[in-house]
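> one predicted model, sequence on top.
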Amino acid sequence: VAGLGNYGLWGTRHSVGMEVLDRLALQLAVAEGWRVDRRCCADVALATAHGLQLVLLKPRRFMNLNGLSVASAAEIYSLGPEDIYLVHDDLDKALGKVAIKLGGSARGHNGVQSCINALHSNEMTRLRVGIGRP
């Protein structure tokens, strides 16, 4: 599960994917388990939920390069694009509204496009979190 955003720009709507990952880590009781993984240039926490092993990932790159971290982590943890969930902001959704999208285009989102390019696939599931238009 990759939370897309601009690392270090906490509290901005554009980095809501990372905020969601922080909340998920709290709920899964692994919030203290974040560690820097230099191999994929990301903060990583490992968790278990409903019998599934999860890799939580917050890329330490700007949004338009998030895909490099996601692709590196996929290789390290032997994951295919269909195993990856991207959590990212969506300007076209009202603030706080969420939707799940299975594959498809990036719809103009640079972080998602970076992941599609780096993984050579658009099969990732996306959790789109509405941030509305300013």
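Sure thing, it's come through.

> what bridges to residue 2?
On DSSP bridges, the residues paired with residue 2 through beta bridges are residue 57, residue 86.

> quick one, what contacts it?
The contact partners of residue 2, taken as C-beta atoms under 8 Å, 6 or more residues apart in numbering, are 17, 21, 57-59, 66, 69-70, 73, 84-87, 115. C-beta coordinates here come from the backbone N, C-alpha and C atoms, glycine included.

> and what of residue 103?
122-125.

> then residue 38?
Shown in contact with residue 38 (C-beta under 8 Å, 6+ apart): no residues.

> ok, it to residue 21 distance?
For residue 38, the distance to residue 21 (C-beta to C-beta, to the nearest Å) stands at 19 Å.

> residue 94 now?
22 Å.

> looking at the two, which one has more neighbours?
With neighbours defined as other C-beta atoms under 10 Å, residue 94 and residue 21 compare such that residue 21 has more, 22 against 10.

> contacting residues for that one?
Going by C-beta under 8 Å, 6+ apart, the list of residues near residue 21 reads 1-3, 56-58, 87.

> can you map out the strands along the chain?
Applying DSSP state E to the chain gives strands spanning 2-3, 35-37, 42-49, 52-59, 85-90, 98-102, 125-130.

> and of those, who's closest to residue 29?
Of all the strands of the chain, strand 42-49 sits nearest to residue 29, with 8.0 Å by C-beta to C-beta.

> now the angle from that closest one to strand 52-59?
160 degrees (axes from the mean of the first three to the mean of the last three C-alpha atoms, to 10 degrees).

> how about strand 42-49: buried residues?
Within strand 42-49, the residues scored as buried using 16 or more other C-beta atoms under 10 Å are 42-45, 47.

> quickly compare the strands of the chain and say which is most buried.
strand 2-3 (a mean of 29; mean count of other C-beta atoms under 10 Å).

> any idea of the mean pLDDT in it?
For strand 2-3, the mean per-residue pLDDT is 98.
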